[in-house]
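Enquirer: any chance you can model this:
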Amino acid sequence: MKTKPEEIVSILREEIEGYDTRVRRDETGTVLEVGDGIATVYGLDKAVYGELVELDTGVKGMVMNLARDSVGVVLLGSDAGVREGTVVRRTGRPADVPVGDGLVGRVVDVLGQPIDGLGPINATETRPIEHEASGVVSREPVNVPLQTGILAIDAMVPIGRGQRELIIGDRQTGKTAIAVDAILNQKGQDVICIYVAIGQKASTVARIQDTLKKHGAMDYSIIVSSTASESAPLQYIAPYSGAAMGEYFMSKGKDVLIVYDDLSKHAVAYRTLSLLLKRSPGREAYPGDVFYLHSRLLERACRLTKEYGGGSMTALPIIETQAGDVSAYIPTNVISITDGQIYLENDLFFSGQRPAVNVGLSVSRVGGSAQTRAIKKTAGTLRIDLARFRELEVFTQFASDLDPATQQALDHGRRLLELLKQPLYHPMPVSRQAMILYVATNGLVDDVPLDKVRSFVLDFAQEMENEHADVVDKIESTGNLSGPAIETIRSILEDAKKRVSATWQA
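Expert: Numbering: from 1, shown residues only. Got it, this is the predicted structure:
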């Protein structure tokens, strides 16, 4: 069948009118050398620091070095198949991760890909992993408490929403346990929790996931995992990926708690990268910008004003010390960036005082602004009493004859320490903390035998919760310890003492 000339003209006209004159330009380069997760690439003249690039093998990379005639790319995945001549393509966008509600309850890698075997994640947005921290104008003072549920911390080293509180101590002193307890205590508090594992063993991350799942905390938590077996580039970007996920929720007006476990390993990963990128080593072989490494991360934690969303991101970075040396390079850097530190001491831990919080070296620069009135009112003298006890204990350890006042101060201090002991994964509500602190700081249990004081006070608190739920609920809801509540506490405590005092004598 012959086509009429007018039909041919019509078809040609449509083709000409619909012709796209735009030319697609891909800027590509080639790999000159590769090794240890670092590729040196020639030809990406317009590449930008922090830009995401794609290699022909499918692996992604991030530009981290800009030299005169080449760029240094850190590979965010396996370098298998990458060799000299492999084509590298610019994407024109910064390295980013998927964000959104679909991540909640999941375990993901540093690129936001699921690694928990629960199927794909439905995330519609992405955010750059490196993002400028909120400015002064958009920030609000930190004055809303973020309860950890740990009596020793909420009473003496309070943490507020938007604060950056460092957890520091030697290995195996309970640093991660404090962070996990804080996550467990956010149940029902409308707080999204993000746990970033940097250089941890895969078994440790699995155990933490199991703990969170067992206590129902995975319903509001995200685990970002970069284990010890993964490459230095992946460990390096892990905390920034977690911060980007947290900033999404913060911008939506939600409160976020993010744990970086731990930044010592993060600094080591960055040192590895820097040396492989041929950057000049400085003190302890760390590069000169290692302070900026952590400062630009932790500055992203803040509390926003209502005009900017009204959310908050509270950061709990963890630093591991060597033989209690808090004056080492990385610990002093992070101490100077954060709003206080919780220092865990080896000697306290091994003597059975757990959590092993050293009251003298631990501090919160937000202080009473981030405490409920009940805790602030009852914990007022706790730090002073414990400091006095420590001082007296040192001076009287060899003394046999003590005057009554000194003996009483020592007995009071020992009971306070007993009551500050708390088992793993048993965070306390505010009401229970307030009741225990009230009877402890006012010396109402100084006549209870030392070995019985902890069980007695816990039984008393349980009785209050069972028999006088209205009083306990009022303390919990108002955050205040009223006169009638104090009278009830004193009355119930005296009755409990009368009931069990006969067993103490026996």
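
Enquirer: please make it C-alpha for all contacts and neighbour counts, starting now.
Expert: Noted.

Enquirer: for the longest helix along the chain, name the packing helices and strands.
Expert: Secondary structure of the chain per DSSP state H: the longest helix is helix 483-505. Helices and strands touching helix 483-505, by 3 or more C-alpha pairs under 8 Å, 6 or more residues apart in numbering; DSSP states H and E, are helix 453-467.

Enquirer: run the last query once more with 10 Å
Expert: Identification of packing neighbours for helix 483-505 by 3 or more C-alpha pairs under 10 Å, 6 or more residues apart in numbering; DSSP states H and E yields helix 430-441, helix 453-467, helix 469-478.

Enquirer: now do the shortest one against helix 453-467, angle only.
Expert: So the one you mean is helix 469-478. 100 degrees (axes from the mean of the first three to the mean of the last three C-alpha atoms, to 10 degrees).

Enquirer: and helix 469-478, what does it pack against?
Expert: Counting by 3+ C-alpha pairs under 10 Å, 6+ apart, helix 469-478 packs on helix 373-378, helix 430-441, helix 453-467, helix 483-505.

Enquirer: and of these, who's closest to residue 186?
Expert: Checking these against residue 186 by C-alpha to C-alpha gives helix 430-441 as the closest, at 12.1 Å.

Enquirer: residues of the closest one that come out buried?
Expert: Buried residues in helix 430-441, counted by 16 or more other C-alpha atoms under 10 Å: 430-441.

Enquirer: which helices and strands does that helix pack with?
Expert: Counting by 3+ C-alpha pairs under 10 Å, 6+ apart, helix 430-441 packs on helix 151-156, helix 373-378, helix 382-396, helix 404-420, helix 453-467, helix 469-478, helix 483-505.

Enquirer: so the last one versus helix 469-478, what angle?
Expert: Compare the direction of helix 483-505 with that of helix 469-478 by the same axes, to 10 degrees and you get 120 degrees.

Enquirer: figure out how far helix 483-505 is from the centre of its chain.
Expert: Relative to its chain's centre, helix 483-505 lies at 40 Å (C-alpha atoms, centre = their mean, to the nearest Å).

Enquirer: let me see the mean pLDDT of it.
Expert: Per-residue pLDDT over helix 483-505 has a mean of 87.

Enquirer: can you show me the helices along the stretch 51-200 of the chain?
Expert: Ranges of helices in the stretch 51-200 of the chain, per DSSP state H, counting those that start in this stretch, are 151-156, 175-184.

Enquirer: quick check: buried residues in the longest one?
Expert: Using 16+ other C-alpha under 10 Å as the test for burial, helix 175-184 gives 175-176, 178-184.

Enquirer: show me which pair in these is furthest apart.
Expert: 175 and 184 (14.7 Å).

Enquirer: picking up where we left off before, for residue 50, find the nearest of the helices and strands packed on helix 469-478.
Expert: Once these are compared by C-alpha to C-alpha, helix 430-441 is nearest, at 44.1 Å.

Enquirer: if you average pLDDT over the closest one, what comes out?
Expert: Mean predicted confidence for helix 430-441 is 94.

Enquirer: got it, and stretch 120-140?
Expert: 92.
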